[in-house]
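Asks: mind looking at a prediction? Sequence and model below.
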Amino acid sequence: MESKTARGAHVPEDMAQRHSRLSAETWLDLRSWAAAMFGVFGLMLTVYGAFFVTEADLAKAAGINLDLWTGLGMLAVAAGFLAWLMARPPEVEGSTHVVEGAPDAE
Amino acid sequence: MDLRLNATFFDYSFVFVYLFFVIAIGVVTKRKVLTSEDYFLSGRSLPAWICALAFLSANIGATELLGMAANGSQYGLPTVHYYWIGAVPAMVFLGLMMMPFYYGSRVRSVPEYLRLRFNRATHLYQSIIFAVATILIAGVNLFALALIINVLIGLPLPVSILIAAGVVLLYTTMGGLTATMYNEVLQFFIIVAFLIPLTVGGLARVGGVDGLISTLNETQVLGKDGLTVWGGTGLGNTTNPYGNWIALLLGMGFVNSFGYWTTNFTEVQRALSAKDMSAARRTPIIASIPKMFLPLIIITPGLIAAVLVPELTTGELAHNEALPALIGSVMPTGLVGLALAALIAAFMAGMAANVSAFNTVVTYDIWQTYIRPGRKDTYYLTVGRRLTVAGVLIAIGAAFIAATFNNIQDYLQILQSVFSAPLFATFILGMFWKRMAPWAGLWGLVAGALGAAGVQAGYMMGWLEFNSQQAASFTGSGMAFVFDVIVSVLVTMRSAPKPLEELDGLVWGRTKMPINGAQPAPDLHAVAVKEAKETRQAVAVGEKPDLKDNPWPLGMAVIVVLIILNVTVG
């Protein structure tokens, strides 16, 4: 596993940091999950709304393409979570499964 | 009218994607579970925003979504009382006044507070009642999910019961409270993501906000006070469906809502998993902000349904079916799938919340305290996982029982209100009255339950008359509060109080904030209890929180906005 490589003494320190952030802690961070789920749902709705939407679908909301707008909105939320994740990467906690070489603070 | 949705394979794929994410979170968060506190309390490591949204989500189960939309379609705007009077003040109160004692005493559950503050008898009584009630409610939730899935897509009841229970079992046994709370937060987002287009599309169909209001005024389907919040709540001529303002403030606002929000462990557990005292106190306060504005996308669809679904007024459809009927009428292909996923999410998260509270109380408060004390932590972690399996099995059993008895849900709710009504009185006395004797805890709770049960029984036998079941339940809760206080005072006057040094961190005047998250909880054996007392004393001296971490400004701001909302929407 990648976090194991990061624990090795010969890996350069900045490499170790990047590894630890991308592997373990990132997937333990809820923001990644929110971004992933909204990304998938947003994409599904946007593609459907843009290419496959039918007259019957449009009539249900008095002509508004709800699929498209909801999809775009969810993609925007996904992008927001991703940006938040990039701006403030998950802190590595000071417990037993801490990855050595990871920064204590920003 | 047929409520069956024309769900396509594309729609179902939303449900599959959602279930995949739910289980994947369980698999990943398993890495975080090393100790029993990791499993039961997320290792007290979560930031305030996750705790707050999970706190909110644990309450938005079946009852909230379907029931509030139903109330909206039947009674209209006064339904916001459930949010503005029945939730927000209690949530702010929990954060500002009570959380210091829950979090500061290092207890791992609400019943455990009773053990430290009062005695083991009070603790055992409350632990057993809570465990039984919680797991039965999980079963009833499960049954409600199966019912609605059956109506919407025609899946047989046992199939959806087993699938939903299986998924919940999978992620709660693996990831524990972390997985449960992560999923609760995602559930909150997905519910909002489906309610916003439902509201927008519905409004477009009825001609916008103006069209909605003028149609409702013309047809009067909601009655005279359907478009006001406080209209018709006067004492002399009460026409508001929720009663006069005194009944509203005291019954719904004070006795019922404070009892639920401040002492129900299903809720409080979310705040106990916060990473420090400040985050724990801000959890319910932050949660109260979206709570205040949720009626916009939960009750408005109810109002829209009152216009778009005439079958609700003719009685062809029950008001409980307002939300499913509106989904079928407004949501296009694709969003139908999102709506299905959101409904399933709401039910599963509600059930998982109950299961995670159940396994914590049974493991810590019953197994570790009375049955097998003094084992290693890993032992209790294993017990917790096994109890989760047992809990889900019991819930499945309860779901099948609920399927055969029509009224079991109503009886359960009455039973739960009987036992939970006096809790708030005991907690508030225990937290703010140092002198209160240990035995006053148990007898206060018992007397309160008897008071509430007396009112309920009197109503059912016809000895007492009330306008509605709800009015009877409010009065019962009020009686429970009064009985609890009187008996607690009487018992305290006739017995010895607890020595002051045993109350450190537990009562007003014996704690100082803030406290960080990763401290061990007080242990249970005689020796360790002494040590724990020292720990509690040591953490009882702390610095003042800086402005950003201080919950008071935020809490006061919420109250001010709440008052402004009540006055302007009036």
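Replies: Structure received. The shown structure was predicted, so the numbers you read here are calculated from the model rather than taken from an experiment.
Asks: relative to residue B:223, how far out is residue B:308?
Replies: Residue B:308 sits 18 Å away from residue B:223, going by CB to CB, to the nearest Å. No exception for glycine: its C-beta is placed from N, CA and C like everyone else's.
Asks: residues contacting residue 69?
Replies: I went with chain A, as the question did not name one. By CB atoms under 8 Å, 6 or more residues apart in numbering or on different chains, residue A:69 lies in contact with A:49, B:197, B:200.
Asks: I was after chain B.
Replies: When contacts are counted by CB under 8 Å, 6+ apart, residue B:69 touches B:298, B:299, B:301, B:302, B:305, B:322, B:323, B:326.
Asks: again, only using 6 Å
Replies: Neighbour list for residue B:69: B:301, B:302, B:322, B:323 [criterion: CB atoms under 6 Å, 6 or more residues apart in numbering or on different chains].
Asks: just residue B:420 next, same as before
Replies: residue B:259.
Asks: same drill for residue B:308 and residue B:223, tell me which one is more crowded.
Replies: residue B:308 (20 against 15; other CB atoms under 10 Å in any protein chain shown).
Asks: any stretches of the chain with poor pLDDT?
Replies: I'll assume chain A. A:1-24, A:91-106 (pLDDT under 70).
Asks: right idea, wrong chain: chain B
Replies: Low-confidence segments of chain B (pLDDT under 70): B:1, B:62-63, B:224, B:231-248, B:250-253, B:406-409, B:467-468, B:470, B:511-547, B:570.
Asks: measure residue B:363 to chain A for me?
Replies: 21 Å (CB to the nearest CB, to the nearest Å).
Asks: skip the chain neighbours and tell me the closest residue to that residue.
Replies: Using CB to CB, 6 or more residues apart in numbering or on different chains and skipping residues adjacent in sequence, the residue nearest residue B:363 is residue B:384, 4.4 Å away.
Asks: swap in residue B:299?
Replies: residue B:72 is the one closest to residue B:299 (CB to CB, 6+ apart), at 3.9 Å.
Asks: buried ones in the longest helix that chain A contains?
Replies: Secondary structure of chain A per DSSP state H: the longest helix is helix A:66-87. For helix A:66-87, a neighbour-count test (16 or more other CB atoms under 10 Å in any protein chain shown) marks A:66-75, A:77-78, A:81-82, A:85 as buried.
Asks: same check, this time on stretch B:295-310
Replies: B:295, B:297-309.
Asks: what's it in contact with?
Replies: Counting by CB under 6 Å, 6+ apart, B:68-69, B:72-73, B:79-80, B:83, B:195-196, B:198-199, B:202, B:206, B:215, B:221, B:322, B:325-326, B:329 sit against stretch B:295-310.
Asks: also stretch B:257-269?
Replies: B:58, B:86-87, B:90-91, B:94, B:98, B:109-110, B:353, B:357, B:420-421, B:423-424, B:427.
Asks: for the residues you listed, which single residue is the most surrounded?
Replies: residue B:353 (33 neighbours).
Asks: next up, phi/psi of that residue, please.
Replies: The phi/psi pair for residue B:353 (degrees, to the nearest 10) reads phi -60, psi -40.
Asks: how close does the spatially most central residue of chain B sit to residue B:157?
Replies: In chain B, the residue lying closest to the centroid (CA atoms, centre = their mean) is residue B:59, at 3.8 Å. From residue B:59 across to residue B:157, the span is 25 Å (CB to CB).
Asks: swap in residue B:431?
Replies: 44 Å.
Asks: check residue B:317 too.
Replies: Distance of residue B:317 to residue B:157, computed by CB to CB: 20 Å.
Asks: got it, and residue B:106?
Replies: From residue B:106 to residue B:157 the distance is 43 Å (CB to CB).
Asks: which one of these two has more residues nearby?
Replies: Using other CB under 10 Å, the more surrounded residue of residue B:106 and residue B:157 is residue B:106, with 21 against 16.
Asks: that's a strand at that one, yeah?
Replies: No. Residue B:106 sits outside any strand when classified using DSSP: H, G, I helix; E, B strand; the rest coil, being coil.
Asks: what does chain A put close to chain B?
Replies: Neighbours of chain B within chain A, by CB under 6 Å from any CB of the partner chain: A:27, A:30, A:37, A:40, A:45, A:48, A:57, A:60-62, A:64, A:66-67, A:70, A:74.
Asks: in those residues, find the pair that's most separated.
Replies: Across the residues of chain A next to chain B, the longest distance by CB to CB is 41.9 Å; it joins A:27 and A:62.
Asks: surely residue B:135 meets residue B:396?
Replies: No. Counting by CB atoms under 6 Å, residue B:135 sits too far from residue B:396 to count as a contact (10.5 Å).
Asks: neighbour count winner among the two?
Replies: With neighbours defined as other CB under 10 Å, residue B:135 and residue B:396 compare such that residue B:135 has more, 25 against 21.
Asks: check contacts around the more buried one.
Replies: Contacts of residue B:135 by CB under 6 Å, 6+ apart are B:358, B:391, B:394, B:395.
Asks: and of those, the nearest to chain A?
Replies: residue B:358 (23.5 Å; CB to the nearest CB).
Asks: so what secondary structure elements neighbour the strand or helix carrying the closest one?
Replies: For residue B:358, the element it lies in under DSSP states H and E is helix B:335-360. Packing partners of helix B:335-360 (3 or more CB pairs under 6 Å, 6 or more residues apart in numbering or on different chains; DSSP states H and E): helix B:9-29, helix B:120-153, helix B:157-205, helix B:265-272, helix B:377-404.
Asks: out of these, which is closest to residue B:460?
Replies: helix B:120-153 (19.3 Å).
Asks: buried ones in the closest one, by neighbour count?
Replies: Burial within helix B:120-153, assessed by neighbour count using 16+ other CB under 10 Å, is assigned to B:122-127, B:129-131, B:133-149, B:152-153.
Asks: ok, stretch B:451-458 next?
Replies: So stretch B:451-458, judged by 16+ other CB under 10 Å, has buried residues B:451, B:452, B:453, B:454, B:455, B:456, B:458.
Asks: next, format the residues you listed as JSON lines and append distance to residue B:15.
Replies: JSON lines is the format used below for the buried residues of stretch B:451-458 (distance: CB to CB, whole Å):
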{"residue": "B:451", "distance to residue B:15": "46"}
{"residue": "B:452", "distance to residue B:15": "40"}
{"residue": "B:453", "distance to residue B:15": "42"}
{"residue": "B:454", "distance to residue B:15": "46"}
{"residue": "B:455", "distance to residue B:15": "43"}
{"residue": "B:456", "distance to residue B:15": "40"}
{"residue": "B:458", "distance to residue B:15": "46"}
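Asks: redo the residues you listed as a markdown table? Include secondary structure.
Replies: Putting the buried residues of stretch B:451-458 into a markdown table (three-state DSSP) gives the following:
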| residue | secondary structure |
| --- | --- |
| B:451 | helix |
| B:452 | helix |
| B:453 | helix |
| B:454 | helix |
| B:455 | helix |
| B:456 | helix |
| B:458 | helix |
